[in-house]
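1. model this:
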Amino acid sequence: MIEKLNDKASSDKSSEAILDNLIAKLHQESRHLRVWSIVMSIYGDAVMPYGGAISLKGLSLILTRMNIGTGALRTAMSRLARDGWMERFRARSTSFYRISNHMQQDIQQASLQIYASPEDGYIWQGNWQLAIPQRQALTSKILEDMQMMGFIPLNALLYIRFVKPDELLPNHADIIFMQAQGSDCKGQDYNPQLIEMVEKNHKGSKLYQILSAEFRALADNLDDGGSLVGLDALVARILLIHYWRRAVLADNSEHFANPFRHEAHLLTKKIYHHLQDESEAWLKNSACIDKSLLQKNIINQRFK
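-> Numbering: from 1, shown residues only. Here you go, the predicted model:
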């Protein structure tokens, strides 16, 4: 059944070339690709709505399209099973891997952040707040407090967070807070050195910027009538969520007005909805998951 899906209509050539480029960049970004992390992106996005289990053959087909070999896949699955993240079982002489119960709970919790809807009409207006901890009070607890408040370190004694215009200054006995304002991040009055410092020192913001840069071409292509079908649509969707998931989980400014996050969030939502129907059709028509277990509400509520 899985092999027969390859006989269906093919993707638009320009869209397919962009997908091939995204796959190539995935391999270029690290000397040692973390296959297990990509597998977890597959499970969190594509497999969880179908009960959390997929055949090893199905995983192999998805990862082969990403130019990841079966040897690397088997190594990753062995590690995940050994660490208690996966459970292996056989059905109809086929090997399947199911996400473990405790990992399903973790994935469901993370999904609340990953698939949240962008704030409609939100535009960052150039407001931010500065935090200067007193040197004698600079303890691990103070650093943890500032991280929980969404502040990003610019250096050892200066921290920043992006905020909405009506955001009140925090109150902390050992930290001095100040309001500041410029133009938005693309305006002429905005300090480009500040943006550069944020990108360098805040992993989440840097990953949002990478996502926006890498996936803009795909968004424009799909808007202009390009298309990805079947397995190509699913692989593009998984790559998108893999980048988005890493950025969201590395971001401590979740509740604050990070302009990098908002731009990447809108882009992710747009591409995801372009790919959703085709990628779901491939999953439902394949033999790698049990489509009778589909929870439609999970899919339908993403980014809405």
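
2. contacts for the strand or helix carrying Q209?
-> Here Q209, judged by DSSP states H and E, is contained in helix 203-223. Helix 203-223 has contacts (Cβ atoms under 8 Å, 6 or more residues apart in numbering) with 12, 14-15, 18-19, 21-22, 25, 152, 198-200, 228, 236, 240, 243-244, 246-248, 250-253, 258, 260-261, 263-264, 267-268, 270-271, 274-275. Just so you know, the C-beta spots here come from the backbone N, C-alpha and C atoms, and that holds for glycine as well.

3. now the angle between helix 203-223 and the next helix or strand after that helix, please.
-> Using DSSP H and E, the helix or strand that follows helix 203-223 in sequence is helix 230-249. Helix 230-249 runs at 150 degrees relative to helix 203-223, counting by axes from the mean of the first three to the mean of the last three Cα atoms, to 10 degrees.

4. what ranges of the protein fall below the confidence cut-off?
-> 1-9, 120-123, 137, 182-202, 252-257 (pLDDT under 70).

5. What segments of it are helices?
-> According to DSSP state H, the chain carries its helices in the segments 13-28, 35-42, 56-65, 70-82, 101-114, 140-148, 192-201, 203-223, 230-249, 259-285, 296-300.

6. Reformat those helices as TSV; add distance to S95 and mean neighbour count.
-> Converted to TSV, the helices of the chain look like this (distance: least, Cβ to Cβ, whole Å; neighbours: other Cβ atoms under 10 Å):
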stretch	distance to S95	mean neighbour count
helix 13-28	25	15
helix 35-42	14	21
helix 56-65	4	19
helix 70-82	9	15
helix 101-114	19	14
helix 140-148	42	13
helix 192-201	43	14
helix 203-223	33	19
helix 230-249	20	23
helix 259-285	18	20
helix 296-300	25	12
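
7. And those: which comes nearest Q179?
-> Closest to Q179 of the helices of the chain is helix 192-201 (Cβ to Cβ; 14.7 Å).

8. residues in contact with the residue most central in space within the chain?
-> Closest to where the C-alpha atoms of the chain average out (Cα atoms, centre = their mean) is W244, at 1.7 Å. Residues in contact with W244 (Cβ under 8 Å, 6+ apart) are 114, 211, 264, 268.

9. Could you measure from it over to V235?
-> As judged by Cβ to Cβ, to the nearest Å, W244 and V235 stand 15 Å apart.
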